[in-house]
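Asker: next come a sequence and a model predicted from it.
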Amino acid sequence: MPAVSKGDGMRGLAVFISDIRNCKSKEAEIKRINKELANIRSKFKGDKALDGYSKKKYVCKLLFIFLLGHDIDFGHMEAVNLLSSNKYTEKQIGYLFISVLVNSNSELIRLINNAIKNDLSSRNPTFMCLALHCIANVGSREMAEAFAGEIPRILVAGDTMDSVKQSAALCLLRLYKASPDLVLMGEWTSRVVHLLNDQHMGVVTAAISLITCLSQKNPDEFKTCVSLAVSRLSRIVSSASTDLQDYTYYFVPAPWLSCKLLRLLQCYPPPEDGAVKGRLVECLETILNKAQEPPKSKKVQHSNAKNAILFEAISLIIHYDSEPNLLVRACNQLGQFLQHRETNLRYLALESMCTLASSEFSHEAVKTHIETVINALKTERDVSVRQRAADLLYAMCDRSNAKQIVAEMLSYLETADYSIREEMVLKVAILAEKYAVDYSWYVDTILNLIRIAGDYVSEEVWYRVIQIVINRDDVQGYAAKTVFEALQAPACHENMVKVGGYILGEFGNLIAGDPRSSPLVQFNLLHSKFHLCSVPTRALLLSAYIKFINLFPETKATIQEVLRSDSQIRNSDVELQQRAVEYLKLSSIASTDVLATVLEEMPPFPERESSILAKLKKKKGPGVVPVSELEDGKREGGELNGGGDRGPDSAMSASNASTPSPSADLLGLRSAAPVSAAAPSAGSLLVDVFSESGAGGPAAAVNDDGFLRFVCKNNGVLFENQLLQIGIKSEYRQNLGRMYLFYGNKTSVQFASFSTTVSYPGELQSQLNVQTKPVEPLVEGGAQVQQVLNIECITDFSEAPQLNIKFRYGGALQNITLKLPVTINKFFQPTEMAATDFFQRWKQLSQPQQEAQKIFKANHGMDTEVLKAKLLGLGTALLENVDPNPENYVCAGVVQTKSQQVGVLLRLEPNAQAQPGVQMYRLTLRSSKDTVSKRLCDLLAEQF
């Protein structure tokens, strides 16, 4: 807000602000404000016309009151009047008020736009800047529609002053970010790009922000900016601090502009022109050289500006990844920062080196700093720096240092912050798998991981170790022995019990020859953990017990006694009870051959990308795990999954040959998975038990069972299965709607990674706008979470948006896709009409394309009250005593969209005696738009 002094004619404002500050309580403040509001209202409504400075004073008071948090519902017109003033202070207050209080839907927007147009055409630079600032502050679509064509002309005009060009560039950037479809550069493109050559550095700085944003969306149109950017950067880098005296910041020439130029160049590949590329490389070398020079000032501002340019230059070097010399030099420069006393520099150095580690040119240079990074992991006070150190160790790991890095990360894991433990566990598991040559080391590492941080070991990790043990014959005996010894610890994590139960159930016979691990000893060891475990783990252990009967017949009587106990066959959990009963019956009546067939050893799993890596990528976000790492994983770690010499064809045939039978789930990997008609078959789910997609097949089919039920109603249950219930409640007004979705967990098990996304089939995205608020990622058993969707109808539409719901239940990924019941009739505004008006309008809409008609059999009984309720639920007005035939129903309404209003007339003619035992309807719709008539006719024909 402008400074207030006694001499500027606004003493009353200063007194009012002083009174507010002196109020002793909130009530006193509100009383003083209400008194002032009443006074201002009386002045505005009085017969005496107010002069300019009085309007300015009162508008300024209203603005101050608004900033204190109180609603202002008047004074807008007076603020608009101030825009026509020729005095700067009055015009400034008017624009300030409008920027803060006037929204894009205001009725005054046309008057405001006219005032802005007058100021833009006035050629007064001060007034032009005020108008441009207002457009940028409001930034609405209406503003973009009105001025998107005018502002580029002002920006590139030769007679426009530099200060106005700066404002115009930033204003255009704001409009482009708000409404990119309305800001079309077209003929202005080349002239905007050439602003990089402008003599005024402020214009260049503002223009480059605009060009960078435009280049990210349309790189080909603005590719000519590369040579100009390199030229401008070269002039800045080679200049002395005295050459650009007005733009030198603590002995660093134009640091902000340098950073913006380097960031713009990161939008493009290396220049193809040899001269331009050579000049750019020279610039980057100069920046690296200057970083080695002693500082010209001890002030922190100097080092900050200098390092900002350096890090942006290193980012550009990494982006190009084509200059080995520059990459190694950048790595060495970053290495010096690893032990810098400034925490932020250490953080940025570690972060940049993570990216450098993925380059073949600089990977070895990064590895030379391994001891420094390990020391940072152990000694750093800041958890974010320790996390970056862990990221760098992960990125620099290869076969030569894998054991050292994994050992250090395991050692750190025991004292690591809880916030990064899960990510650390994933990284250790990935590195152990990717670089394991000795599989006994891999098994030891994963079991040690479970022992140290069992709570953070996700299902993907222990699934993966089981997959690898099953696929490698040479490690099965060692894994059984190691897990048997691990289970003997007094305190044993549940994940260790899961791994132990699975591996001993499959390969316990490999260690049964030792009296210390005889079959009965193995069984007693597992059963001693049974009462401490959750239901899914108990289900897995029961499956291990029945496997024991097949492997060790001498344990049959003992295990049957356990299965026969009341705690099993009468268990309150239906899954455990069913397993106990079925396994007891199977062991009692099946012959040895049948048992051996049903309980045969698990076949090898098909090769696939590690789901742990997919989980890490999902956790860290896109772009964190380089593509080269995935290729390395296939190249270096492929042999973990059953032989490194298999090609794609043999891998496919192996996958087909080893698909397990439905009985292969006896160890309960899916024990918590739902049993429903929509669930995948046992065989297909087990094949993909380690994949991120769960069922491994195509995406879930769109479920539209409940869609048509909501055409004539807004509330109810949209979807329900054994796991999830989705309720819906919605309300609509004109072209806007709000929908509440209620997700209810019907089970006692938590839903994890719960997420929803809305997609738009066909051209729907340009016709309908749906804004979703995020939903809680965890849904506890028996709980319900709510999600709000805000809907805007832009123009008429035929398709419906789709809602995709994903969550994990018992380790299995559930994927549900539904049609959201958003139909064109939801935006009806009911219209009452007299009989004469109705039929006059009916005749006006007589062109063939304006009418849609269907004759169809009745799906339900012709109940008068039900029919009326459905027609009212449609959103139209039901017109009584209009049709000459009292058996007919006529309705009228207007479909409200953002772009237009479409009038609709409806006539429904029931025929209860069309044929013996058959009831028929004739439905006719007429509207001013053919697509609306057809869509409504199709929807309504399904309702009666």
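Answerer: Sure, I can see it.
Asker: list the contacts of residue 179.
Answerer: The neighbourhood of residue 179, defined by Cβ atoms under 8 Å, 6 or more residues apart in numbering, consists of 141, 144-145, 148. C-beta: built from backbone N, CA, C; applies to glycine.
Asker: what about the stretch 1-150 of the chain, any weak spots by pLDDT?
Answerer: The model of the stretch 1-150 of the chain has pLDDT under 70 over residues 1-9, 47, 104-106.
Asker: again, 90 this time
Answerer: Across the stretch 1-150 of the chain, the ranges flagged by pLDDT under 90 are 1-13, 41, 43-57, 70-81, 84-86, 89, 98-114, 122-123, 137-150.
Asker: out of the contacts of residue 179, which end up buried?
Answerer: Applying 16 or more other Cβ atoms under 10 Å to the contacts of residue 179, the neighbour count classes 144, 148 as buried.
Asker: so of the contacts of residue 179, which ones are in strands?
Answerer: Per DSSP state E, strands hold no members of these.
Asker: between the contacts of residue 179, which is closest to residue 820?
Answerer: residue 141 (24.3 Å; Cβ to Cβ).
Asker: wait, the closest one sits on residue 177?
Answerer: No. Using Cβ atoms under 8 Å, residue 141 makes no contact with residue 177, being 12.0 Å away.
Asker: hang on, the earlier thing: from the contacts of residue 179, which two are the most distant?
Answerer: 141 and 148 (9.9 Å).
Asker: give the residues shared as contacts by those two.
Answerer: Residues touching both residue 141 and residue 148 (Cβ under 8 Å, 6+ apart): 179, 182.
Asker: OK, contacts around the nearest residue to residue 84 once chain neighbours are set aside?
Answerer: Excluding the flanking residues, the one nearest residue 84 by Cβ to Cβ, 6 or more residues apart in numbering is residue 115, at 6.2 Å. Contacts for residue 115 were tallied using Cβ under 8 Å, 6+ apart; they are 80, 83-84, 131.
Asker: please redo it, this time with the cut-off set to 10 Å
Answerer: Contact partners of residue 115, counting by Cβ atoms under 10 Å, 6 or more residues apart in numbering, are 80-84, 91, 94-95, 98, 108, 131, 134.
Asker: now that we have those residues, which one has the most neighbours?
Answerer: residue 131 (28 neighbours; other Cβ atoms under 10 Å).
Asker: where's the residue nearest to it when sequence neighbours are not counted, which helix or strand?
Answerer: Closest residue to residue 131 apart from its sequence neighbours, by Cβ to Cβ, 6+ apart: residue 119 at 4.0 Å. Following DSSP states H and E, one finds residue 119 within helix 109-120.
Asker: can you give me the buried ones in stretch 770-784?
Answerer: Of all the residues in stretch 770-784, those buried under the rule 16+ other Cβ under 10 Å are 770, 772, 775, 779.
Asker: which one of those residues is nearest residue 409?
Answerer: Comparing the buried residues of stretch 770-784 against residue 409 with Cβ to Cβ places residue 779 closest, at 32.4 Å.
Asker: what number of residues lie near the residue nearest to residue 131?
Answerer: A total of 22 residues lie near residue 119 under the criterion other Cβ under 10 Å.
Asker: verify the contact between it and residue 127 for me.
Answerer: Yes. At 4.3 Å, residue 119 and residue 127 qualify as touching, with contact defined as Cβ atoms under 10 Å.
Asker: overlap of the contact sets of the two?
Answerer: Common contacts of residue 119 and residue 127, defined by Cβ under 10 Å, 6+ apart, comprise 83, 91, 95.
Asker: just the residues you listed: which are in helices?
Answerer: Counting by DSSP state H, the shared contacts of residue 119 and residue 127 place 91, 95 in helices.
Asker: could the shared contacts of residue 119 and residue 127 go into CSV alongside distance to residue 808?
Answerer: Listed next are the shared contacts of residue 119 and residue 127 as CSV, based on distance: Cβ to Cβ, whole Å:
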residue, distance to residue 808
83, 57
91, 59
95, 53
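Asker: list just the nearest of the shared contacts of residue 119 and residue 127 to residue 832.
Answerer: Once Cβ to Cβ is applied, the member of the shared contacts of residue 119 and residue 127 that ends up nearest residue 832 is residue 83, at 41.3 Å.
Asker: show me the contacts for the closest one.
Answerer: Counting by Cβ under 10 Å, 6+ apart, residue 83 has contacts 90-91, 93-95, 97-98, 111-112, 114-116, 118-119, 127, 130-131, 134.
Asker: redo that, cut-off 7 Å
Answerer: Residue 83 sits next to 91, 94-95, 115 when contact means Cβ atoms under 7 Å, 6 or more residues apart in numbering.
Asker: likewise residue 313?
Answerer: Residues near residue 313 by Cβ under 7 Å, 6+ apart: 262, 284, 287.
Asker: would you turn the contacts of residue 83 into a markdown table with distance to residue 190?
Answerer: A markdown table is the format used below for those (distance: Cβ to Cβ, whole Å):
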| residue | distance to residue 190 |
| --- | --- |
| 91 | 35 |
| 94 | 37 |
| 95 | 32 |
| 115 | 32 |
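Asker: list just the nearest of those to residue 453.
Answerer: Out of the contacts of residue 83, the member with the shortest distance to residue 453 (by Cβ to Cβ) is residue 95, at 58.2 Å.
Asker: what sits against the closest one?
Answerer: Counted by Cβ under 7 Å, 6+ apart, residue 95 has contacts 83, 130, 133-134.
Asker: farthest-apart pair in the residues you listed, please.
Answerer: 83 and 133 (12.7 Å).
Asker: and residue 739, how many residues sit next to it?
Answerer: When neighbours are defined as other Cβ under 10 Å, residue 739 has 22 of them.
Asker: distance of it relative to residue 160?
Answerer: Separation of residue 739 from residue 160 (Cβ to Cβ, to the nearest Å): 48 Å.
Asker: what about the residue nearest to residue 84, distance to residue 49?
Answerer: Per Cβ to Cβ, residue 115 is found 19 Å from residue 49.
Asker: can you show me the helices along the stretch 1-150 of the chain?
Answerer: Per DSSP state H, counting those that start in this stretch, the stretch 1-150 of the chain carries helices over the ranges 11-21, 26-45, 52-67, 76-82, 88-101, 109-120, 125-138, 141-147, 150-156.
Asker: pipe the ones you listed into JSON lines and attach distance to residue 734 per row.
Answerer: Below are the helices of the stretch 1-150 of the chain laid out as JSON lines (distance: least, Cβ to Cβ, whole Å):
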{"stretch": "helix 11-21", "distance to residue 734": "39"}
{"stretch": "helix 26-45", "distance to residue 734": "30"}
{"stretch": "helix 52-67", "distance to residue 734": "27"}
{"stretch": "helix 76-82", "distance to residue 734": "22"}
{"stretch": "helix 88-101", "distance to residue 734": "23"}
{"stretch": "helix 109-120", "distance to residue 734": "18"}
{"stretch": "helix 125-138", "distance to residue 734": "22"}
{"stretch": "helix 141-147", "distance to residue 734": "17"}
{"stretch": "helix 150-156", "distance to residue 734": "31"}
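Asker: relative to residue 577, which of these is closest?
Answerer: Closest of the helices of the stretch 1-150 of the chain to residue 577 is helix 141-147, at 61.0 Å (criterion: Cβ to Cβ).
Asker: start and end of stretch 779-799, how far apart?
Answerer: Terminal residues of stretch 779-799 lie 30 Å apart, using Cα to Cα, to the nearest Å.
Asker: if residue 788 is in a bridge, with which residues?
Answerer: Note on residue 788: beta-bridge partners residue 740, judged by DSSP bridges.
Asker: in this structure it contacts residue 775, no?
Answerer: No. Checked against Cβ atoms under 7 Å, the pair residue 788 and residue 775 is beyond contact range at 9.4 Å.
Asker: hang on, the residue nearest to residue 131 packs against residue 128?
Answerer: Yes. With contact defined as Cβ under 7 Å, residue 119 counts as touching residue 128 (6.1 Å).
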